[in-house]
Structure formats: C-alpha cells, structure tokens
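>>> Predicted model and sequence follow; I will ask about them next.
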Amino acid sequence: MKALWNNVVIAESDNTEVVDGNHYFPFDSIKSEYFAKAELTTVCGWKGKANYYSVTVDGKTNKDCAWYYAEPNDAASKLKGMVAFWNGIDVK
C-alpha cells in the first residue's frame, strides 16, 4: 500500500492494518520529513484519543490529514504505532 499527497509517496508498506475502512501504516513506513505534529485531537469511542499530523510536500500543506492513537484503548491495541490518512491523501 502507498499513501500519496501532491503526487509524492509519503508512506509505503506491505503491512497495513485495515480498521473501519482505513489503512493504518506502521510509523516506520512514513517519510517523516513530510510530517509535522498538529494540535488537533479527537476521540473515538472504541479506539481512544487520536492525535494528528499535517503533511507538507513541495510547499503545499494538507492540514490534519493523518492521525494516530498514541495510547489506543485495549480494543484497538493493534493500532499502536500506526498512522492512517484522510482529507485528500490517496491511499492505494
């Protein structure tokens, strides 16, 4: 699987986890030079508190487009150390 923004691969892995229709990529598969921690947090009833990243490629920023669960609830423990994408990030 690959995640692309602005025609650049920002994450690539053969070991994604699919949860609720989203591919979660291992942290070591993301290209960290494109990622910046965002202030946004949200809460999922069964997964826990999500933290976000914004992604910048070639001067274009996609704000809050990647999320992860630093301390997921027990039911979502397999998502620890994983990141997922939305908001225009092409995952294929």
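Yep, that arrived. Numbers count the residues shown, from 1 in each chain.

>>> Name the residues that touch stretch 33-48?
Stretch 33-48 is contacted from outside by 5, 8, 10, 19, 49-57, 63-64, 66-67, 69, 71-73, 75-76, 79, using Cβ atoms under 8 Å, 6 or more residues apart in numbering. Heads up, the C-betas are built off the backbone N, CA and C, glycines and all.

>>> please redo it, this time with the cut-off set to 7 Å
Under the contact criterion Cβ atoms under 7 Å, 6 or more residues apart in numbering, stretch 33-48 has outside partners 10, 49-57, 63-64, 66, 69, 71-73, 75-76, 79.

>>> Just the buried residues from these, in ChimeraX please.
Selection of buried members from those for ChimeraX, criterion 16 or more other Cβ atoms under 10 Å:
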select :10,50,51,52,53,54,55,56,57,64,66,69,72,76,79
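
>>> Strands - which of the contacts of stretch 33-48 land there?
10, 49-57, 63-64, 66 (DSSP state E).

>>> which two in the residues you listed are spaced the farthest apart?
Within the ones in strands among the contacts of stretch 33-48, two members stand farthest from each other by Cβ to Cβ: Lys49 and Val57, at 26.9 Å.

>>> just to revisit the earlier point, with pLDDT and distance to Phe25 as extra columns, can I get the ones in strands among the contacts of stretch 33-48 in CSV?
Compiled in CSV, the ones in strands among the contacts of stretch 33-48 are given as follows (pLDDT from 0 to 100; distance: Cβ to Cβ, whole Å):
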residue, pLDDT, distance to Phe25
Ile10, 98, 9
Lys49, 98, 19
Ala50, 98, 15
Asn51, 98, 15
Tyr52, 98, 15
Tyr53, 98, 12
Ser54, 98, 16
Val55, 98, 12
Thr56, 98, 18
Val57, 98, 16
Lys63, 98, 19
Asp64, 98, 17
Ala66, 98, 9
